[in-house]
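Novice: Here is the input, now give the coordinates:
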Amino acid sequence: MDDPRDAVADLRRIAFLLERAGESTYRVRAFRTAAGALRGRDPGELARLASSGGLTDLRGVGEVTARCVAESVRGEEPVYLRRLEDAVARADAKGVPLAEAARRLRESLRGDCHSHTDASDGGSPLAEMAETAIALGHSYLVVTDHSPRLTVANGLSAERLRRQLEQVAALNERIARTGSGFRVLTGIEVDILDDGALDQDPDLLGELDLVVASVHSKLRMPRDEMTERMLTAVANPHVDVLGHCTGRMVTGRRKRPGSEFDAERVFAACTDAGVAVEINSRPERLDPPKRLLRLAVEAGCEFTIDTDAHAPGQLDWLDHGCARAVACGVDPDRIRNTRDAAGLPARR
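Specialist: Below you'll find the predicted structure:
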């Protein structure tokens, strides 16, 4: 028998690859739940449970995940994992990877400016998101859970956001002891309200490292009203990034067209105010559309390329945004997350 593999790491890798491929949350959750149930358990105990068939007696471990664990503790790469890895390799062989310019851009990104944890509508805790960002080679991750008005996404009240700031500080202290140089940055995806105001206490917004402002409601507002709404938000000195500016969904059950607004005026305002335009990498968003992204380039905007990740594996979706940035002629020097953490905000 070969030396045992790290069963928890194998389960997490499976979950990561499933998320990266856009598989259902239900499938992914089975592997992440099992990994959480087994984390910290002695490898010898896992081997004994695997040989006795007792793994499925543990809360959170099902038949499929138990089979993967049994293969891991025998020193074998789980069949489930091997098939996923083979699919990635086949895709690479067919030329799916980005063009060289997009690949270089992806390699130059230092971190991700838009991510969600289970504090709002994400699927994993803060520490899990940070661990994955570190494994991907990020220097930082900005945590931007939703603001309170978005109740469907369990948006954070001021009190809950302050507690999260304390959690981030404690996590950063632990990470600092590892010498990795990685940091979790504080942030929020704050709702742009109907009148352009921001859905959070202004003093608290001022304490954050980065503020992403996005429209989530009344997306079909008349064009002139939506334009004024966005201009008001962009003029707010707390805003650093304009998130998924059209709000469109291009795939799935929630498919919808983007909002109508005067893009030239909004992007000119972003340039004047020092607000970056987000290139959202979520496959169902890919926002802004290429036509608007080119307008933002012409307007002289700066950008962030973000995943809007709601699960750890989605943090590897930056490729999608990089491909669109290259296709639309975005200069890497105008992409803020090619810089270190200090270069992210443009505080006014």
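Novice: Can you report phi and psi for residue 275?
Specialist: When read as degrees, to the nearest 10, the backbone of residue 275 gives phi -100, psi 130.
Novice: ok, it touching residue 237?
Specialist: No: counting by Cβ atoms under 8 Å, residue 275 sits too far from residue 237 to count as a contact (9.9 Å). Using the backbone N, CA and C atoms, a C-beta is placed for each residue, glycine as well.
Novice: Quick check: neighbours shared by the two?
Specialist: Between them, residue 275 and residue 237 share no contacting residue under Cβ atoms under 8 Å, 6 or more residues apart in numbering.
Novice: neighbour count winner among those two?
Specialist: Higher neighbour count among residue 275 and residue 237: residue 275, with 26 against 14, using other Cβ atoms under 10 Å.
Novice: After the lowest-mean-pLDDT helix or strand in the chain, which helix or strand is next?
Specialist: For the chain, counting by mean pLDDT, DSSP states H and E, helix 79-93 ranks last in confidence among helices and strands (a mean of 79). Downstream of helix 79-93, the first helix or strand assigned by DSSP states H and E is helix 100-108.
Novice: tell me what that following helix is packed against?
Specialist: Judged by 3 or more Cβ pairs under 8 Å, 6 or more residues apart in numbering; DSSP states H and E, helix 100-108 is in contact with helix 318-327.
Novice: Identify the residues contacting the helix it packs on?
Specialist: With Cβ under 8 Å, 6+ apart as the test, helix 318-327 has contacts from 97-99, 101-103, 105-106, 109, 112, 279-283, 286, 290, 293, 303, 305-307, 335.
Novice: let's see it at 7 Å
Specialist: Here helix 318-327 makes contact (Cβ atoms under 7 Å, 6 or more residues apart in numbering) with 98-99, 101-102, 105-106, 109, 112, 279-281, 283, 286, 290, 293, 303, 305-307, 335.
Novice: for the stretch 201-348 of the chain, what spans make up the strands?
Specialist: Taking DSSP state E, counting those that start in this stretch, the strands of the stretch 201-348 of the chain run over residues 210-214, 241-242, 276-280, 303-306.
Novice: For the chain, give the strand that spans the most residues.
Specialist: When the chain is parsed with DSSP state E, its longest strand is strand 183-191.
Novice: Any buried residues in the least confident helix or strand of the chain, and which?
Specialist: Judged by neighbour count using 16 or more other Cβ atoms under 10 Å, the buried positions of helix 79-93 are 80-81, 84.
Novice: now swap in stretch 285-295 and tell me
Specialist: 285-289, 292-293, 295.
Novice: try stretch 36-48
Specialist: By neighbour count on 16+ other Cβ under 10 Å, the buried set for stretch 36-48 is 36-38, 43, 46-47.
Novice: For stretch 317-331, the averaged confidence score.
Specialist: Mean pLDDT, stretch 317-331: 91.
Novice: Write the ChimeraX selection for whichever of the contacts of helix 318-327 are buried.
Specialist: Here is the ChimeraX command that selects the buried residues among those (16+ other Cβ under 10 Å):
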select :102,105,106,109,112,279,280,281,286,293,303,305,306,307,335
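Novice: And the residue nearest the centre of this protein?
Specialist: In the chain, the residue lying closest to the centroid (Cα atoms, centre = their mean) is residue 309, at 2.2 Å.
Novice: right, and that residue touches residue 283 too?
Specialist: No: assessed by Cβ atoms under 7 Å, residue 309 is found out of contact with residue 283, at 11.8 Å.
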